[in-house]
Structures are given as structure tokens and as C-alpha cells.
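Visitor: just need the structure, nothing else, for what follows:
(chains A and B)
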Amino acid sequence: AQSVTQLGSHVSVSEGALVLLRCNYSSSVPPYLFWYVQYPNQGLQLLLKYTTGATLVKGINGFEAGFKKSEASFHLTKPSAHMSDAAEYFCAVSGSGSARQLTFGSGTQLTVLP
Amino acid sequence: GAVVSQHPSRVICKSGTSVKIECRSLDFQATTMFWYRQFPKKSLMLMATSNEGSKATYEQGVEKDKFLINHASLTLSTLTVTSAHPEDSSFYICSASSFRTTQETQYFGPGTRLLVL
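Guide: All right, here's what the predicted structure looks like:
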């Protein structure tokens, strides 16, 4: 069984400030981890993913995430927030089994203040 | 690459009618497609998983006779909401994956907003 917890349903940062969105997961098998972004009335866009290898993963739009097995975490960061980063962010986990289904966190709404 | 489209993007229908939503992978062959439902300000709820050429696997609590899924080719899956009722109004999102080439990554369509009157 897998689960994902995103701490903070709403996060507000000032433009130019650090963005930190938290994600903790539970998985009985080595996980694949993903961050997706959703803009209003749109589907999900893949920001980045961790499968194996380097624990610091770089994604699009300046985002990166660090996989820490000891903490079961996969937090998303960006050094400097832009107004265009305002959106809903979802962390997700999938196992390596045949189903390959994604389990999503509840999402974090990021607001960027001018 | 890895573009997924959905059609229509928005549909309004009368209660009791059926609505078909198409999901297409435009630049890759999708061995597996997933259908999700998303309620306002909520996360995605997986409805079913479909593999090309075989019957869909539905999640617990999802009525297979109401939400008909067909995955007839490696680039097309359809979701038909039969005898739609107002409670079926929602945002439906599909995703597609080719586990042979995209390393377990799902690529999502833009979603379809269904409103049942």
C-alpha cells in the first residue's frame, strides 16, 4: 500500500522568495516519486520525477526535489518564486509493480504575493 | 513529446443522456491509460486503469456499467458516462503511459469538464 501526505494545503510566498512544498510518502516497495503542477481548469503537467539514481532531481521551470529515504520525503523547492508559479501542486508515488498506479497527495495551493 | 489530448474540453448535457470523452496519446503509443475524476479543490481520484485490448480494471466504488471504458488502440481510450445525472458533474482527466519507453511516467490530458443539468 502507498500513501502520500502533503503538509500544508495552502502555501503563500512573496515573489522572489524560496518556495518549499513538503511531501512525505509511505511505500512498501522502492518508490517512484513525482511532482505535478495543475493550473486552473487544466490537466496535470509533470514537473519532475525520481525513479533511481541521483537523489536531487531537477525539473522544469527551475524546480527541484530531493529524495530522502531516511525521512521518506520528497520536498519540492524553487529558489525564487515567480508570479507564474501560482498553481496547485501534487506529489504522487507509484510502486514498481505491474499496476503502476499513481497515488496522489491532497495537493498544495501555492500563492505568490507581489 | 508525450502529449495527451482530450475531447471535448467541456460538455453540458441533459440528465439521462450519455456522454463520450476521448483521450488520445498524440506522439507515443500508450500501453496503459488511466481515468481520473477530480472534484473542486480536491485531489485526483483514480476511476479505472485500461490496457490496450483488454477490459478496464475499475477501482472500488466505481460503477463499471455507468462509466464504460474502451481502449481499442494504442493511442485512443474512451470514457462513456451512461445515463448521466447531476452528481456525475465533475472534471474528468485521463493519463497515458508507455511503460516500455517512459519509465512509469503518466502524461495527463487537459481534462474534460462535464456538467449534467
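
Visitor: roughly how far apart are the residue nearest in space to the middle of chain A and residue B:38?
Guide: Within chain A, the residue whose C-alpha comes closest to the C-alpha centroid is residue A:35; the distance, by C-alpha atoms, centre = their mean, is 3.4 Å. From residue A:35 across to residue B:38, the span is 17 Å (C-beta to C-beta, to the nearest Å). Every residue, glycine included, has its C-beta placed from N, CA and C.

Visitor: and for residue A:9?
Guide: According to C-beta to C-beta, residue A:9 and residue B:38 sit 15 Å apart.

Visitor: can you give me the strands in chain A?
Guide: Under the criterion DSSP state E, chain A carries strands at the ranges A:2-7, A:10-14, A:19-27, A:32-38, A:44-50, A:56-58, A:64-68, A:73-78, A:87-94, A:102-104, A:108-113.

Visitor: turn the ones you listed into JSON lines, columns for mean pLDDT.
Guide: Shown next, in JSON lines, are the strands of chain A (pLDDT from 0 to 100):
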{"stretch": "strand A:2-7", "mean pLDDT": "91"}
{"stretch": "strand A:10-14", "mean pLDDT": "97"}
{"stretch": "strand A:19-27", "mean pLDDT": "94"}
{"stretch": "strand A:32-38", "mean pLDDT": "93"}
{"stretch": "strand A:44-50", "mean pLDDT": "92"}
{"stretch": "strand A:56-58", "mean pLDDT": "94"}
{"stretch": "strand A:64-68", "mean pLDDT": "95"}
{"stretch": "strand A:73-78", "mean pLDDT": "97"}
{"stretch": "strand A:87-94", "mean pLDDT": "94"}
{"stretch": "strand A:102-104", "mean pLDDT": "89"}
{"stretch": "strand A:108-113", "mean pLDDT": "96"}
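
Visitor: may I see these organised as JSON lines, with distance to residue B:82 added?
Guide: Formatted as JSON lines, the strands of chain A follow (distance: least, C-beta to C-beta, whole Å):
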{"stretch": "strand A:2-7", "distance to residue B:82": "31"}
{"stretch": "strand A:10-14", "distance to residue B:82": "37"}
{"stretch": "strand A:19-27", "distance to residue B:82": "36"}
{"stretch": "strand A:32-38", "distance to residue B:82": "28"}
{"stretch": "strand A:44-50", "distance to residue B:82": "26"}
{"stretch": "strand A:56-58", "distance to residue B:82": "42"}
{"stretch": "strand A:64-68", "distance to residue B:82": "40"}
{"stretch": "strand A:73-78", "distance to residue B:82": "39"}
{"stretch": "strand A:87-94", "distance to residue B:82": "29"}
{"stretch": "strand A:102-104", "distance to residue B:82": "26"}
{"stretch": "strand A:108-113", "distance to residue B:82": "34"}
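
Visitor: related to what we said a few turns ago, so who does the residue nearest to the centre of chain A touch?
Guide: With contacts taken as C-beta atoms under 8 Å, 6 or more residues apart in numbering or on different chains, residue A:35 has the following neighbours: A:21, A:23, A:46-49, A:59, A:63, A:65, A:74, A:76, A:89-92.
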